[in-house]
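In: can't give you the sequence, but here's the structure:
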């Protein structure tokens, strides 16, 4: 259904990262963009809060700096926001269709800040539940357990476990797989098992010849001793017939003996989501078969082709960049790192760097109460900031997430999301609250300057008389209170409607078509507005080749006047397309683009990764967005070479007009 919001500006707060170095470049601008969560439901109403941080010469940008936002999916409560304390915040309202949404932020007014971007995954209810609960995949072996980079000619990052006794094991939640050979693609998390495979879940046990397992989606595809291909129920392990096509590579274990870089360990835990952390116990690091180091605990991330992710040394026109970490905890229950940094990475661009020295502390944790990350930024500074991101799941029915920013010890921003699944419907709640003290010696907007609450209930999908169509019924109440000086303004609105969902249907042998239509009646208390709100998303998708996909979507949005926070520049008609391609040798192309058909508003982002020759890689990242007569473009070129398992990368941005050279790092777009 369509989310209703009231037409007040979403107030913003200053944030941390206020440590300033001596001799900072006075006009050097940096833009960072973060989301309070990167996984949400594609239900047309869930909110993701985006924070754009703008620094000029190492200091927060002056109040009133304009930041514009563009997206290839969903919609904003505002497209254009002015900063307070260097921060501009907007809410991204979820699309009705599943997929990745890329958001781009740009600074208006001649700034040399490189546009920044962030990606949010919008998923269905089943996937949301699984990704919230399925965090760690643990792999053990009584014989050989090795992580390999550039294994053979595949260019993949693989984790392999081998045991003559059939004790190579992978476990996640209630499911455990044992076999003589196991292989995990650490990017996708998919497990392949061959040889005497046993699957156990709770008190149920079964044996198959070969198996593939997607622990995120809880999908088990098995080959029985008879050669028949079946799917296994993740709870009962009952075999079900399947029409899934099986390629020759589905059950193939890749030879990892020729890996350029490898880590041999007794146990490895892989984080399925987030930064995709790998935690090794008793790790032996090897380069071309030669031992480089032996560590009792070692932590790294999937996306870095370097053994020491955090040990970063670089040089640019802004000076030397340093990142010296101390890992004080590296277990499944949490990872903790203290960073001593100069010119720390800040934003999605390789050349976006925070000026000056700083000490940052990051503690990731996981317990029965949930998981999250707590950060203290610029701990050495009296204006230090802190940030908390937390997510919890309570059984199979309830979930919640919390985001809190305390930029400088006095200003605060928070958002809370919660949901509960009834037998017939889902109840959801979204709240935000902010307090901004002010800058200089002038205090403005005292107290909680903005408070917003949304409570919704949506029925479970039910079948309609039309083939392939389902529907939900929903009701949403939204309230908002704004405090400016001594004046308090309150408002409230109600929305009632239905969401019509057409499941993917084949229109040709290769093309799938799906559609979602939302119809809502909006009643606004205290405003002269309201009426019928209509939203439609029509999507066509095809697999062009086994390694590439193409999708285009037409969106229609009709809103009542004076009801939502959405800017008047939001297109009523919008066309989007997405293309992705990945090659076995590690090359990849990803393109997302959206174009307003009735309003001059567009956004395109593209990233290309291409192997040049042995150990060399070309990376290109392109951002192009236009809002009205204002256009923002940036192209970032990167050339990376692996040397003894470490990456040397040179990056250039056409907006910042700066060259950044990293000697031990390597940045993933």
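Out: Great, that's in hand. Remember, predicted model here, so these are calculated numbers, not experimental data. Numbers count the residues shown, from 1 in each chain.

In: Compute the distance from the centre of stretch 615-626 to the centre of its chain.
Out: For stretch 615-626, the distance from its own C-alpha centre to the chain's C-alpha centre is 19 Å (C-alpha atoms, centre = their mean, to the nearest Å).

In: Could you list the buried residues of it?
Out: Judged by neighbour count (16 or more other C-beta atoms under 10 Å), stretch 615-626 contains these buried residues: 617, 619, 620, 621, 622, 623, 624, 625, 626. C-beta coordinates here come from the backbone N, C-alpha and C atoms, glycine included.

In: Contacts made by it with the rest, please.
Out: Identification of contacts with stretch 615-626 by C-beta atoms under 8 Å, 6 or more residues apart in numbering yields 68, 70, 104, 106, 115, 117, 260, 349, 586, 600-612, 631-643, 651, 669.

In: Drop the exposed ones from those and show what's left.
Out: Judged by neighbour count, with 16+ other C-beta under 10 Å as the criterion, the buried members of these are 68, 70, 104, 106, 115, 117, 260, 349, 586, 601-609, 632, 634, 636-638, 640-642, 651, 669.

In: that older thread, can you list the buried residues of stretch 615-626 in TSV and add distance to residue 554?
Out: Conversion of the buried residues of stretch 615-626 to TSV gives the following (distance: C-beta to C-beta, whole Å):
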residue	distance to residue 554
617	36
619	32
620	29
621	27
622	24
623	23
624	21
625	20
626	19
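
In: Can you tell me how far residue 514 is from residue 634?
Out: The span separating residue 514 from residue 634 equals 33 Å under the rule C-beta to C-beta, to the nearest Å.

In: Tell me, how many residues neighbour residue 294?
Out: Residue neighbour count, defined by other C-beta atoms under 10 Å, stands at 11 for residue 294.

In: So which bits of stretch 112-132 are buried?
Out: By 16+ other C-beta under 10 Å, the buried positions in stretch 112-132 come out as 112-118, 120-123, 127-132.

In: Now residue 514: closest residue in space, sequence neighbours ignored.
Out: Nearest non-adjacent residue to residue 514, counting by C-beta to C-beta, 6 or more residues apart in numbering: residue 504, 4.5 Å away.

In: If you could redo that for residue 574, that was the one I meant.
Out: Of all residues beyond its chain neighbours, the one nearest residue 574 is residue 555 (4.4 Å), with distances taken as C-beta to C-beta, 6+ apart.

In: Check what pLDDT the one you found gets.
Out: Residue-level confidence at residue 555 comes out at 92, pLDDT.

In: doesn't it fall inside a strand?
Out: Yes - with DSSP: H, G, I helix; E, B strand; the rest coil as the criterion, residue 555 is assigned to a strand.

In: Please tell me I have it right and it contacts residue 536.
Out: Yes - here residue 555 lies in contact with residue 536, judged by C-beta atoms under 8 Å, at a distance of 6.9 Å.

In: who's more crowded, those two?
Out: Each of residue 555 and residue 536 has its neighbours counted (other C-beta under 10 Å); residue 555 has more, 25 against 17.

In: That one and residue 515, how far apart?
Out: Counting by C-beta to C-beta, the gap between residue 555 and residue 515 amounts to 11 Å.

In: joint contacts of the two?
Out: Between them, residue 555 and residue 515 have 536, 537 as joint contacts when contacts are counted by C-beta under 8 Å, 6+ apart.

In: Would you give the sheet partners of the strand or helix carrying residue 450, along with the direction of each?
Out: When elements are assigned from DSSP states H and E, residue 450 belongs to strand 448-459. Taking DSSP bridges as the criterion, strand 448-459 forms sheet pairs with strand 425-435 (antiparallel), strand 469-484 (antiparallel).

In: starting at the chain centroid, how far to the longest one?
Out: Just to be clear, that refers to strand 469-484. In this view, strand 469-484 has its centroid 25 Å away from the chain centroid, taken as C-alpha atoms, centre = their mean.

In: and if you look at the first one?
Out: The gap between the average C-alpha position of strand 425-435 and the chain average comes to 20 Å, counting by C-alpha atoms, centre = their mean.

In: Stretch 117-136 now?
Out: Distance, centroid of stretch 117-136 to centroid of chain: 9 Å (C-alpha atoms, centre = their mean).

In: tell me the mean pLDDT for that stretch?
Out: Mean predicted confidence for stretch 117-136 is 77.

In: Endpoints of it, how far apart?
Out: Between the start and the finish of stretch 117-136 there is a gap of 27 Å, counting by C-alpha to C-alpha, to the nearest Å.

In: What of stretch 102-116?
Out: Stretch 102-116: ends 10 Å apart by C-alpha to C-alpha.
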